[in-house]
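Student: Sequence first, then the predicted structure:
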Amino acid sequence: MARMGLNDSKAGMTGLDKQKINRIILEATKGSRFYNNEMRKEKQATERVTRLKAKLTKITQAQRLAALDELKRMENQLETTRDLSRFIVHVDMDAFYAAIEIRDNPSLADKPMAVGGTGMMLTSNYIARRYGVRAAMPGFIGKRLCPDLVFVKPNSAKYAQASKEVRAILAEYDPNFASVSLDEAYMDLTEYLEGRKCTFPSSHVEFTVPQQDLTEDMLKILNEVAPPTVDGVDSYNNCSSNSSIRKVSFGHTIEDVMREIRFKINRKTKLTASAGIGPNKMLAKICSDWKKPNGQFKVEFTRDKIIEFMRQLPTRKISGIGKVSERLLNEIEISNCKELYDKRDLIYLLFSNVSTKFFLAVAMGIGSNEVSSKNYQRKSISCERTFGEISRLADMLVKCQKLCDNLANHMKKENITGRCLTVKLKTVAFEVKQRSVSLKHHTNSTTEMFNIASEVIRSERLACQPERLRLRLMGIKMSTLKRHESDEKSIQDTLTRYFNKYDENCSQSQSTINEASKSFINIEQHKLDEKSKLDKVTCYFSKYDENSSQLQSTMKEASKNCDNMEKVTCPVCDQFYVYKSDETSWLALLNSHIDTCLQQPETMKPSQSHNDSVGSSKGKGVKRRKLQHNRMQPTTGNKTLHNFWQAKDNTHQ
DNA sequence: GCGGATCAC
DNA sequence: GATGGTGATCCGC
């Protein structure tokens, strides 16, 4: 099965026994739920191919000619955007996480190793890659491919630190460089090079390295031979070697400068980087892969050379063309960029306008050279978790609560609110469902997000009846974001720090949350002794039913004294909790309460029976279920949302 | 605007 | 023991 096969498009994967590797992968995965889902996706992709082929047979010669005519116009337009004036560099750290672990534990250097666990590997070293072990592969398959494989637990703080050190070096050359991830970045060196050229050689930097500190990695960088520079000045690689000290310096060409940067990175972090140099990001990215590891490559900056370079390139090497696109293109006998260009009329007739433009630009070697990310603004923010199978509503709501909590914290930190909430659910069969709701106003309130998300979850559970909804992952995403200015933020941060020190660790671990809520309760109970009745109300989950006269009078009293009271209902037992809207610790308290609730005997919770949302529980449960059914209108109630629920309800009838 | 898919890292 | 998390974009309704 093609989907399951080894992805050998990345560096360090050439010349290995692909057949054997694929056989082992297949044996390890066959029959699993994951595998079955991959088969389902495969079938889907095949259907897509079938549709494509059907479309293909209907294409006439006249259509192709007309397409070429239109393509000529597109091509001319694209050609006007070709810009060879900027020096764009893509810097890519080699096997970043693995290299860091080896640096810090040299005994790993000659062993196949991977960072990650039996669940998932983040990356592997080059020895392991020879066995077919690679990033994004589950560890247990890695172990089958290479029984001697050593796992190292990820140490993200260390990776962030190394990344910071690398970035500091990049910033010396382009303060507006853009990082793609911890181990990858783009730079625009045009301005830097101008400056360097003017002052060269008087200002060139000289590095003094003790001979014994010169590693093989460093020597490789120093001994790379750059082609002669355009203006006849020899690339400057002065190595005055007396007995114990070696002095090295680099010239002023882009390639010299890149070697200098890689040299500095290596000297600072003991890690190696590869680099690609081109007139745009697409080309730079392809080039950084060319001489990996610890190497660099520059494509020549002329239109003809660029097109020549692209022609032999397999389509899969282009960022943006993945497994599926590669396959679709293969179906019309396109596997490299020469064919991509030669068959552009078919592309035009088979693919969308956006895709056609993209493919054409790729074939012509044209791409964006905009590096600065100063104006970058995120479009969405999300949080998702995989867990052991759950199917009870109560368990789902607990997960949901934690996700909303986490997400709200992130949003508050970034001072953003969102207007579109998306719930992502992945079943144990790896099927993904996404449901989104447009809100009337922007929010980053945990309560609001939780109320809406939990309603979506209830609805989805109903929708798949009489099947049980069995989940392995849940996620919450907010989009249509709005940024708020930092006035509020700083005040809020200060308040948070002042009053709720223990809250700052809230999202970090469940045990912290429990500790936090415990201390909260202690503090509050202490306060109770001298404070008014109103405060007492905020400290307990109400023991009363919603409609009881006792509660109503309490609420009335509360609203007399204070107009910022809010209410949150426990998803498990349906009791509710009244709190002041400026109070920040209610969530920890709620979490603690939910935990307690879940430890109660089964009969106390909403059951996992298929009827649990329609009020059929026994005894005590009856009243609660009924209550819940009436109560659960989302608090952000608005037209859009209202319509959403109505529509959902209709589909269930 | 929504939901499914694809893609990158 | 048992296939991740975050963000972006596109396509077809």
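Tutor: Thanks, I have the structure now.
Student: tell me the domain boundaries of chain A?
Tutor: The record's domain split for chain A, according to automatic domain parsing, is A:157-301, A:380-652.
Student: looking at those, which has the lowest confidence?
Tutor: Of all these, the minimum mean pLDDT falls on domain A:380-652 (a mean of 61).
Student: What parts of chain A come near DNA strand C?
Tutor: Selection of chain A residues close to DNA strand C by CB under 7 Å from any atom of the strand yields A:28-29, A:32-35, A:117-120, A:122, A:136-138, A:140-141, A:351-355, A:378-386, A:472-473, A:475, A:477. (Each C-beta comes from the backbone N, C-alpha and C, glycine too.)
Student: rerun at 6 Å
Tutor: A:29, A:32, A:34-35, A:118-120, A:136, A:138, A:140-141, A:352, A:354-355, A:378-386, A:473 (CB under 6 Å from any atom of the strand).
Student: Nearest residue to the closest residue to DNA strand B within chain A in space, please, no chain neighbours.
Tutor: Scanning chain A for the residue nearest DNA strand B gives A:Gly322, at 2.2 Å (criterion: CB to the nearest atom of the strand). Nearest non-adjacent residue to A:Gly322, counting by CB to CB, 6 or more residues apart in numbering: A:Arg316, 7.8 Å away.
Student: next one: A:Ser373
Tutor: Nearest to A:Ser373 is A:Ala178, by CB to CB, 6+ apart, at 4.1 Å.
Student: Any idea what that neighbour is bridged to?
Tutor: Bridge pairing for A:Ala178 (DSSP bridges) gives the partners A:Tyr186.
Student: Can you report how many residues neighbour it?
Tutor: Using other CB atoms under 10 Å, A:Ala178 has 18 neighbouring residues.
Student: Which among the residues of chain A next to DNA strand C count as buried?
Tutor: Neighbour-count burial (16 or more other CB atoms under 10 Å) is assigned, among the residues of chain A next to DNA strand C, to A:29, A:35, A:120, A:138, A:141, A:381, A:383-384, A:473.
Student: Return the subset of those residues lying in helices.
Tutor: Under the assignment DSSP state H, those contribute A:29, A:35, A:141 to helices.
Student: what's the closest of those to DNA strand C?
Tutor: Using CB to the nearest atom of the strand, these come closest to DNA strand C at A:Thr29, 3.2 Å.
Student: per-residue confidence at the closest one?
Tutor: 94.
Student: what residues are up against the residue lying closest to A:Phe263 once chain neighbours are set aside?
Tutor: In this structure, A:Phe263 finds its nearest non-sequential neighbour in A:Ile221, 5.1 Å apart by CB to CB, 6+ apart. Going by CB atoms under 8 Å, 6 or more residues apart in numbering, A:Ile221 touches A:259, A:262-263, A:266, A:294.
Student: switch to 10 Å and redo it
Tutor: By CB atoms under 10 Å, 6 or more residues apart in numbering, the contact list for A:Ile221 reads A:215, A:248, A:250, A:258-267, A:272-273, A:294-296.
Student: Would you list the buried entries among those?
Tutor: Buried members of these, counted by 16+ other CB under 10 Å: A:248, A:250, A:258-267, A:272-273, A:294-296.
Student: ok, which residues in the stretch 101-250 of chain A are in contact with DNA strand B?
Tutor: Residues of the stretch 101-250 of chain A lying close to DNA strand B by CB under 6 Å from any atom of the strand are A:180-181, A:183-184.
Student: Swap in 7 Å and give it another go.
Tutor: Near DNA strand B, when you scan the stretch 101-250 of chain A using CB under 7 Å from any atom of the strand, you find A:136, A:180-181, A:183-184.
Student: which of those has the most neighbours?
Tutor: Tallying neighbours with other CB under 10 Å puts A:Asp183 at the head of these, with 22 neighbours.
Student: Settle this for me: it is touching A:Val115, isn't it.
Tutor: No - between A:Asp183 and A:Val115 there is no contact under CB atoms under 10 Å: 11.9 Å.
Student: picking up where we left off before, which ones among the contacts of A:Ile221 are found in strands?
Tutor: Among these, the subset assigned to strands under DSSP state E consists of A:248, A:273, A:296.
Student: For DNA strand C, state which of these is nearest.
Tutor: Among these, and counting by CB to the nearest atom of the strand, the member closest to DNA strand C is A:Ala273, at 20.6 Å.
Student: show me where the stretch 301-450 of chain A has helices.
Tutor: Counting by DSSP state H, counting those that start in this stretch, the stretch 301-450 of chain A has helices at residues A:303-311, A:323-331, A:337-342, A:344-350, A:353-364, A:393-414, A:446-463.
Student: Can you check what angle separates the longest one from helix A:446-463?
Tutor: In this case it means helix A:393-414. In this structure, helix A:393-414 runs at an angle of 140 degrees to helix A:446-463, with axes from the mean of the first three to the mean of the last three CA atoms, to 10 degrees as the basis.
Student: tell me what helix A:393-414 is packed against?
Tutor: strand A:380-390, strand A:416-427, helix A:446-463, strand A:471-483, helix A:486-499, helix A:510-528, helix A:586-598 (3 or more CB pairs under 10 Å, 6 or more residues apart in numbering; DSSP states H and E).
Student: ok now do the closest residue to DNA strand C within the stretch 251-400 of chain A, which residues does it touch?
Tutor: Closest residue of the stretch 251-400 of chain A to DNA strand C, CB to the nearest atom of the strand: A:Ser352 (2.9 Å). Residues near A:Ser352 by CB under 10 Å, 6+ apart: A:Phe358.
Student: now do 8 Å
Tutor: Residues near A:Ser352 by CB under 8 Å, 6+ apart: none.
Student: among the buried ones among the contacts of A:Ile221, which are in helices?
Tutor: Checking the buried ones among the contacts of A:Ile221 against DSSP H, those in helices are A:258-267.
Student: Which two of the residues you listed have the greatest separation?
Tutor: Distance extremes for these: the farthest pair is A:Met258 and A:Arg267 at 14.8 Å, using CB to CB.
Student: Using the three-state scheme, assign the closest residue to A:Arg130 other than its chain neighbours.
Tutor: Leaving aside its sequence neighbours, A:Arg130 sits nearest to A:Leu16 (CB to CB, 6+ apart; 5.7 Å). When classified by DSSP: H, G, I helix; E, B strand; the rest coil, A:Leu16 comes out as coil.
Student: Give the burial count for A:Leu16, as a bare number.
Tutor: If you count neighbours by other CB under 10 Å, A:Leu16 ends up with 15.
Student: A:Leu182 touches A:Glu165, doesn't it?
Tutor: No - counting by CB atoms under 8 Å, A:Leu182 does not reach A:Glu165; the two are 11.3 Å apart.
Student: Tell me which of those two has more neighbours.
Tutor: Per other CB under 10 Å, whichever of A:Leu182 and A:Glu165 has more neighbours is A:Leu182, with 17 against 14.
Student: phi, psi of the residue found closest to A:Arg472 once you drop the neighbours it is linked to in the chain?
Tutor: Nearest non-adjacent residue to A:Arg472, counting by CB to CB, 6+ apart: A:Val428, 5.0 Å away. Backbone dihedrals for A:Val428, given as degrees, to the nearest 10, come out at phi -60, psi -10.
Student: Next, the contact list for A:Val428, please.
Tutor: Shown in contact with A:Val428 (CB under 8 Å, 6+ apart): A:33, A:389, A:470-472.
Student: make it 10 Å
Tutor: Counted by CB under 10 Å, 6+ apart, A:Val428 has contacts A:33, A:37, A:388-391, A:469-473.
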